[in-house]
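[1] coords please:
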Amino acid sequence: MASITTNTTPVITLERSIDVGALLPATVVEIDGRVAPLDDVCRGSSVVIAVIGGRGPELVDALGRFSGFCAASDELRGVVLTSEPVTDDVRAACGADVDFGLLTQPLVGEPTVIVADADARVRHRRHLDPEASFLSGLGRAIAVFDGRMPGRRVIAAAPVLLQPAVVEPELCERLLLAADGHGDLVLLDGELLRDVADRVQHRLVPTLRRAFGTSVSDLDDLRVQTIGVGQSLGLASEASRFDLVVTLNAGGYTGGETRFRGFSPDLHDGPAGAALVYSTGLAADHLPVQAGARKVLRLGLR
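    Residues are numbered from 1 along each chain as shown. I've put the predicted structure just below:
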């Protein structure tokens, strides 16, 4: 939901515009008569936001389930954002369990659900559809707040490294194009292999050395992997010290995250081009993709 500029009119676009881990945008909204940036309005409490634009009437049933989900938790604040005043049907579907916010800019894109923490940082997003399917992912997304909500036990975070912008958008697109129609693509040689190795060496290895006090000298089993519905990332190479996963098409799928047994229930994924690195000695649970197809660059480090 970044603000972009066309010829004369600022437009809010939802497509590939909110990265998990990023702050909510400062888009101006009006909630209960208060006009303020969205990130300021939502800061201070865990928030579930349904952004529906002007399509409220066709999403009445979904908004009813959304409202019930928010009402079931005393620790979550529910917000419905629209680009047009809501109809009586929409208000009736949501009852008193959510706040309504009016966007002050035009909006394009599919209805979307966003989960943000008390620091206004995005922890999860997915499409809001007329079915109940979006609720299945919200329960898992809320689990990331363990240790922040009152009365909950703090569990140690897993010792993993998530570094953004290791692979730039242009190289992400080249990798996606090379793998298109080929399933999993193994990178044995050529320009793509050299470019990937260059990014890892210059953008990631120095951070790995600072974070873990160790270095790596070899890259193993470089491939572009496609994970379809019901499939998961699979096991890392046993010969590697670290597993490195770079999401290439963030926003093109739901599910597919990684969590680590014995640590917090955090679900690990990242924006396109970010590298998730963890020791192959950790017990990693790779969750199945629920919709779409996740495409990743994966390799071992040793």
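[2] how far is stretch 224-244 from where the chain is centred?
    19 Å (CA atoms, centre = their mean, to the nearest Å).
[3] which non-adjacent residue is nearest Arg223?
    Residue nearest to Arg223 in three dimensions, not counting chain neighbours: Val186, with 4.7 Å by CB to CB, 6 or more residues apart in numbering. (C-beta placed from N, C-alpha, C; glycine too.)
[4] identify the residues contacting that neighbour.
    Val186 makes contacts with Asp221, Leu222, Arg223, as judged by CB atoms under 8 Å, 6 or more residues apart in numbering.
[5] Ala284 now?
    Ala236, Asp243, Thr258, Arg259, Phe260, Arg261, Tyr278.
[6] look up which residues are beta-bridged to it.
    Taking DSSP bridges as the rule, Ala284 bridges to Phe260.
[7] next one: it from Cys42, what distance?
    32 Å (CB to CB, to the nearest Å).
[8] same check on Leu107?
    Leu107 sits 17 Å away from Cys42, going by CB to CB.
[9] what about the two, which has more around it?
    Higher neighbour count among Leu107 and Cys42: Cys42, with 25 against 21, using other CB atoms under 10 Å.
[10] quick one, domains of the protein?
    As given by automatic domain parsing, the domain ranges for the chain are 2-145, 161-301.
[11] between the two ends of the shortest one, how far is it?
    Here the two ends of domain 161-301 are set 13 Å apart, with distance taken as CA to CA, to the nearest Å.
[12] do I have it right that Ile31 meets Arg77?
    No: the pair Ile31 / Arg77 is not scored as a contact, 10.6 Å apart, by CB atoms under 8 Å.
[13] any shared contact partners between these two?
    Common neighbours of Ile31 and Arg77 (criterion: CB under 8 Å, 6+ apart): Asp99.
[14] for Leu287, what are its contacts?
    Ser232, Gly255, Gly256, Glu257, Thr258, Arg259, Leu267.
[15] now for Arg261, how many residues are close by?
    Look at Arg261: counted by other CB under 10 Å, it has 10 neighbours.
[16] in contact with it, which residues?
    Contacts of Arg261 (CB under 8 Å, 6+ apart): Ala283, Ala284, Asp285.
[17] repeat that for 7 Å
    Taking CB atoms under 7 Å, 6 or more residues apart in numbering, we find Arg261 in contact with Ala283, Asp285.
[18] using CSV, write out every CA atom in stretch 214-228.
    Once non-C-alpha atoms are left out, stretch 214-228 reads as follows in CSV (Å, rounded to 0.1, in the frame of the first residue of the first chain):
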residue,chain,number,x,y,z
THR,A,214,32.4,-17.5,10.9
SER,A,215,32.9,-17.4,7.2
VAL,A,216,32.2,-19.6,4.2
SER,A,217,34.3,-20.3,1.1
ASP,A,218,32.1,-22.6,-1.1
LEU,A,219,28.6,-22.5,-2.5
ASP,A,220,26.8,-25.9,-3.1
ASP,A,221,23.8,-27.1,-4.9
LEU,A,222,22.7,-23.7,-6.4
ARG,A,223,19.2,-24.0,-7.9
VAL,A,224,15.9,-22.1,-8.5
GLN,A,225,13.2,-24.1,-6.8
THR,A,226,9.4,-24.0,-7.5
ILE,A,227,7.2,-25.0,-4.6
GLY,A,228,3.6,-25.6,-5.6
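[19] where along the stretch 101-250 of the chain do the strands fall?
    Here the stretch 101-250 of the chain has its strands, by DSSP state E, counting those that start in this stretch, at 107-108, 112-116, 122-127, 161-163, 185-186, 219-227, 242-247.
[20] out of these, which is closest to Val51?
    Ranking the strands of the stretch 101-250 of the chain by proximity to Val51 (CB to CB) places strand 112-116 first, at 4.9 Å.
[21] from the contact counts, what lies against that closest one?
    strand 46-53, strand 122-127, helix 133-142 (3 or more CB pairs under 7 Å, 6 or more residues apart in numbering; DSSP states H and E).
[22] show me what that strand pairs with in its sheet, parallel or antiparallel.
    Strand pairing for strand 112-116, determined by DSSP bridges: strand 46-53 (antiparallel), strand 122-127 (antiparallel).
[23] hey, least reliable of the ones you listed by pLDDT?
    With a mean of 76, strand 122-127 has the lowest mean pLDDT of the strands paired with strand 112-116.
[24] pretty sure Gly54 is touching Val86, no?
    No: applying CB atoms under 7 Å, one finds Gly54 not in contact with Val86, separated by 9.6 Å.
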